[in-house]
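Novice: Mind looking at a prediction? Sequence and model below.
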Amino acid sequence: MGGLSFHNPAFLWGMLLAGLPIILHLLNRRRALRWSFSAYSFVMKSHKRLARRLKIKQLLLLLLRCLLLGLIPLALARPYWKPPQAPTVADDQGPAARMIVLDASMSMRAEMDGQSLFGRAIARARTLLGNVGRSDAVGLCLADALHLDCIPPGFDRADVLDKLEHAQAGLGTTDLLSALEQARVLVSQHPLERKRVHLIGDFTRTGYDWGAPPFSGEQAPALLFHDLRDGRMIPNLAVTDLSASRSVFSGPLEWTFSVTVSNFSDQPRTRLPLGLFYQGESLASGFVDVDAQGSAVKSFSHRFEEPGLLSMEARIGNDALPDDNRRSLILDVQGQTRVLLCNGQPSTVRHRDELFYLRPALSPAGEARSSFVVQEITSDQLLSADFSKTDVLALTQVAALSAETAQAITAFVQQGGGLFVSLGPSVDAENYNSLLGPLLPGRLRGEKAAGDALALEHGEASAYLSQFDYGHPVFRIFDDSTAQSLYQAKIHHYYLYDPDPRQGKRIWLRYRGGQPAVVEVPFGKGRVVLFTSTVDREWNDLCIQTGFLPLMQETFRYLSGVSGVQTRHSLKIGEDWLLADLGSQPSLRVTMPDGQTETVEVVDGEARLDALSQRGCYTTQRQGRPIGACVNPDPVESDLTPLGDEARQGNLPEGTPEAFQDRINQDEQQVEYAGLILLLMLLAFLSEVLVIRWID
């Protein structure tokens, strides 16, 4: 590509100001007054000579001022001249089979000099087609991480031109090695002896630093690089992350959002406007300062009025690559969970009451700001309790149950309720086995002491928790210090049970001896969690550890079907969305970001949407509850830093002709005119001063 071009063509509109002196002159024109006197003819002759000279001087002054006003925007536009160059090789002595590999990743949507890089790539490919010989066979590959669309080399170029006419850069990441390998195979299969592969792209350091040549061997085709930006830096800002979290001490409707903005340029940015949007409307805004080649995090807090599945988006202003200036997040804001606590061992002494530690753990900041609405009853009130207004039922060291109560609890879990059971010395194991057997992980055997009687008497015998199931949703918010506090809990009594192999249980925690401590049992549409010790200090000191509060809160959220962690809320373009725990649903009806719906088959309780290519939020329902995930571009495409010369040279195949290397390493020559225009502006200004003095 060659000819006259501009670095900042938008400034050319300012050249319209060159007509401003002419307009002012026409507006300020005054007609001469006519006066009759005796020496009129003599004066007229002298006046005409003077007027002619003055008009020439004023016209010259007007032209100089117009020129000066026109040169200012022209200098800002920074014109330059590139000599026309054919993007073919000069060493060809005959026809060749050629494959054009076109980078179609998201970074190619960046703009440079008022045109997208992909638009420049299309123009370069067309120029290449026009310059190669008619006896050359030409093919085309459009490549990104999501698609590889190739046309084998042929002499009829209509298909290639048609593909170029409709080609568009996608939102996927750069993946050229597979495209180059496919191009190598296609040219190798062509009967023409000479083989050429032309790679047209932006040559970013993140997508083109392969570490080794893609071709090797004597039969490898020659590889030609066409760098669309000649190694020039394209500054870019991007929203690279958006996350949400809810404090365990705040209400379920209050969330904190963290937005990460990255600066892929050599200049810092100060007071960059940043906004957070909810359902398309502005929710919060602020400014952020980002260092050169650095990142900054901005936090926003908001309390929602109503629960629901909400679509959030963080935005900054447009720049060279607008596609990475926004990022989406889908948020499942839940209302309060209704918990019914059955106190099996109430006491008038507060610290000896069974619920003394559990009740405040669920509502540490008071019920008004809690995720839970807690109601407390005693075991004799269980039979008359209304489970229809309950999400989770907790039986804390309840001694025994009646047959009617056990049936009501079983039906409650069967229909989707959550049941938490903690044991203790007053529990009648046989009563539980006979009436709640289907809800238990096995047959309760009896309590076990951690050590002999003498050690227990002196408080020296303890069992400790171990073997956390960190893959379980309950433990995803646990950091090292929180987990360590649970490991330090001393437990001197717990219950044993004989496992029932028919139960599909999942053990969350074990004691160091291997005995189960916390076990989950699915039943019908609901779940049961059994803790084999007490939730007070009678058998352990777990309740005074810092990890007790998040453990109880996340357990009760999980039992209600609500997770305190937004798992997989953001996927990358091209990733799969796996939905699990779908139960007996035969299929899912998924709403796509463009509003279309798609039916996905459920197999063994799981469904998968493969290689998501649409940007935006996908929504569906899992067992009657709305769920969703948002798909965003991979932030790696936001780094437009050019590939270094050393890395570029390392990508060349062995045996590449020197003429190719010279073409690769030599930027297209261009002549800049900004300095010349500044010199002309200075001369025009000095000339204007001289003309004014001449007129005076």
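Specialist: Right, received. Where do you want to start? Numbering: from 1, shown residues only.
Novice: Distance-wise, check the residue lying closest to His7 once chain neighbours are set aside relative to Ile72.
Specialist: In space, His7 comes closest to Arg78 once its chain neighbours are excluded; the distance is 3.8 Å by C-beta to C-beta, 6 or more residues apart in numbering. The C-beta positions use only the backbone N, C-alpha and C, and glycine is treated the same way. From Arg78 over to Ile72 the distance is 12 Å, taken as C-beta to C-beta, to the nearest Å.
Novice: just the helices in the stretch 551-696 of the chain please.
Specialist: Remark: helices assigned in the stretch 551-696 of the chain by DSSP state H, counting those that start in this stretch are 645-650, 658-665, 674-695.
Novice: If you average pLDDT over each of those helices, which is lowest?
Specialist: In terms of mean pLDDT, the lowest-scoring of those is helix 658-665 (a mean of 41).
Novice: for the residue nearest to His7, what are its contacts?
Specialist: Contact analysis of Arg78 by C-beta atoms under 8 Å, 6 or more residues apart in numbering lists Phe6, His7, Asn8, Glu672, Tyr673, Ala674.
Novice: Mind checking which of the residues you listed are buried?
Specialist: By neighbour count, with 16 or more other C-beta atoms under 10 Å, the contacts of Arg78 hold Phe6, His7, Tyr673 as buried.
Novice: nearest to Met15, of the helices of the stretch 551-696 of the chain?
Specialist: helix 674-695 (11.7 Å; C-beta to C-beta).
Novice: Please point out which parts of that closest one sit buried.
Specialist: For helix 674-695, a neighbour-count test (16+ other C-beta under 10 Å) marks Ile677, Leu680, Met681, Ala684, Ser687, Glu688, Val691 as buried.
Novice: Hmm, Leu76 and the first one touching each other?
Specialist: No - counting by C-beta atoms under 8 Å, no contact exists between Ile677 and Leu76, whose distance comes to 9.4 Å.
Novice: quick one: common contacting residues for these two?
Specialist: Joint contacts of Ile677 and Leu76 (C-beta under 8 Å, 6+ apart) do not exist.
Novice: neighbouring strands for the helix or strand hosting Leu496, and are they parallel or not?
Specialist: Assessed by DSSP states H and E, Leu496 sits inside strand 493-499. Sheet pairing of strand 493-499 (DSSP bridges) gives strand 442-449 (antiparallel).
Novice: Off-centre distance for the partner strand?
Specialist: 49 Å (C-alpha atoms, centre = their mean, to the nearest Å).
Novice: Please name the nearest non-neighbouring residue to Tyr110.
Specialist: To be clear, residue 110 is Ala; Tyr isn't right here. Leu321 (4.2 Å).
Novice: Next up, the contacts around Asp380.
Specialist: So Asp380 contacts nothing (C-beta under 8 Å, 6+ apart).
Novice: can you give me the strands for the stretch 1-150 of the chain?
Specialist: 3-6, 79-82, 96-103, 111-112, 115-116, 137-143, 148-154 (DSSP state E, counting those that start in this stretch).
Novice: With distance to Glu306 and mean pLDDT as added columns, please give those strands in CSV.
Specialist: CSV is the format used below for those (distance: least, C-beta to C-beta, whole Å; pLDDT from 0 to 100):
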stretch, distance to Glu306, mean pLDDT
strand 3-6, 52, 71
strand 79-82, 57, 73
strand 96-103, 45, 93
strand 111-112, 41, 92
strand 115-116, 42, 92
strand 137-143, 45, 93
strand 148-154, 45, 92
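Novice: ranking those by burial, who's on top?
Specialist: By mean neighbour count, with neighbours taken as mean count of other C-beta atoms under 10 Å, strand 96-103 ranks first of the strands of the stretch 1-150 of the chain at a mean of 27.
Novice: Describe which strands that strand pairs with in its sheet and in which direction.
Specialist: strand 137-143 (parallel), strand 194-201 (parallel).
Novice: Now for Lys572, how many residues are close by?
Specialist: Per other C-beta atoms under 10 Å, the neighbour tally for Lys572 reads 16.
Novice: typo on my end, Asp634
Specialist: 20.
Novice: For the strand holding Leu496, list the C-alpha coordinates in CSV.
Specialist: C-alpha atoms of strand 493-499 as CSV (Å, rounded to 0.1, in the frame of the first residue of the first chain):
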residue,chain,number,x,y,z
HIS,A,493,-16.7,-36.4,71.0
TYR,A,494,-18.5,-37.2,67.7
TYR,A,495,-20.9,-39.7,66.2
LEU,A,496,-20.0,-42.7,64.1
TYR,A,497,-22.3,-44.3,61.4
ASP,A,498,-22.2,-47.3,59.2
PRO,A,499,-22.2,-46.0,55.6
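Novice: Show me what secondary structure element comes after it.
Specialist: Assignment by DSSP H and E places the next element after strand 493-499 at strand 506-511.
Novice: Tell me what angle that following strand forms with strand 442-449.
Specialist: Strand 506-511 runs at 10 degrees relative to strand 442-449, counting by axes from the mean of the first three to the mean of the last three C-alpha atoms, to 10 degrees.
Novice: all helices of the stretch 1-150 of the chain, in order?
Specialist: Assigned by DSSP H, counting those that start in this stretch, the helices in the stretch 1-150 of the chain fall at 20-27, 40-77, 117-131.
Novice: Deepest in the core, which of the ones you listed is it.
Specialist: Of those, the one with the most neighbours on average (mean count of other C-beta under 10 Å) is helix 117-131, at a mean of 19.
Novice: Tell me what angle it forms with strand 194-201.
Specialist: 150 degrees.
Novice: what packs against helix 117-131?
Specialist: strand 96-103, helix 158-166, strand 194-201 (3 or more C-beta pairs under 8 Å, 6 or more residues apart in numbering; DSSP states H and E).
Novice: beta partners for Pro522?
Specialist: Arg527.
Novice: Distance of it relative to Pro441?
Specialist: Relative to Pro441, and taking C-beta to C-beta, Pro522 is found at 11 Å.
Novice: For Phe300, give its distance to Arg327.
Specialist: Going from Phe300 to Arg327 by C-beta to C-beta gives 13 Å.
Novice: and the helices of the stretch 551-696 of the chain as CSV, adding distance to Trp577?
Specialist: Output for the helices of the stretch 551-696 of the chain, formatted as CSV (distance: least, C-beta to C-beta, whole Å):
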stretch, distance to Trp577
helix 645-650, 35
helix 658-665, 41
helix 674-695, 51
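Novice: returning to what we had before: pull up the overlap in contacts between Phe300 and Arg327.
Specialist: Residues touching both Phe300 and Arg327 (C-beta under 8 Å, 6+ apart) are Val259.
Novice: To Ile377, which of the strands paired with strand 96-103 lies closest?
Specialist: Among those, strand 137-143 sits nearest to Ile377 (C-beta to C-beta), with 65.1 Å.
Novice: ok, the residue nearest to Ala110 to Gly231 distance?
Specialist: 18 Å.
Novice: quick revisit: can you lay out the helices and strands packed on helix 117-131 as CSV showing distance to Asp113?
Specialist: Output for the helices and strands packed on helix 117-131, formatted as CSV (distance: least, C-beta to C-beta, whole Å):
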stretch, distance to Asp113
strand 96-103, 18
helix 158-166, 21
strand 194-201, 17
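Novice: about what we covered before: okay, Leu321 and Gly231: which has more neighbours?
Specialist: Shown here are Leu321 and Gly231; by other C-beta under 10 Å, Leu321 has more neighbours (25 against 13).
Novice: May I have the predicted confidence score for that one?
Specialist: At Leu321, pLDDT is 94.
Novice: Just confirm it contacts Ser638, I think it does.
Specialist: Yes - proximity of Leu321 to Ser638 meets the contact threshold set by C-beta under 8 Å, at 6.6 Å.
Novice: Let me see the mean pLDDT of stretch 487-503.
Specialist: If you average the pLDDT over stretch 487-503, you get 88.
Novice: rewinding a little: OK, contacts around the residue nearest to Ala110?
Specialist: By C-beta under 8 Å, 6+ apart, Leu321 lies in contact with Met106, Ser107, Arg109, Ala110, Glu111, Ile234, Asn236, Ala238, Ser638, Leu640.
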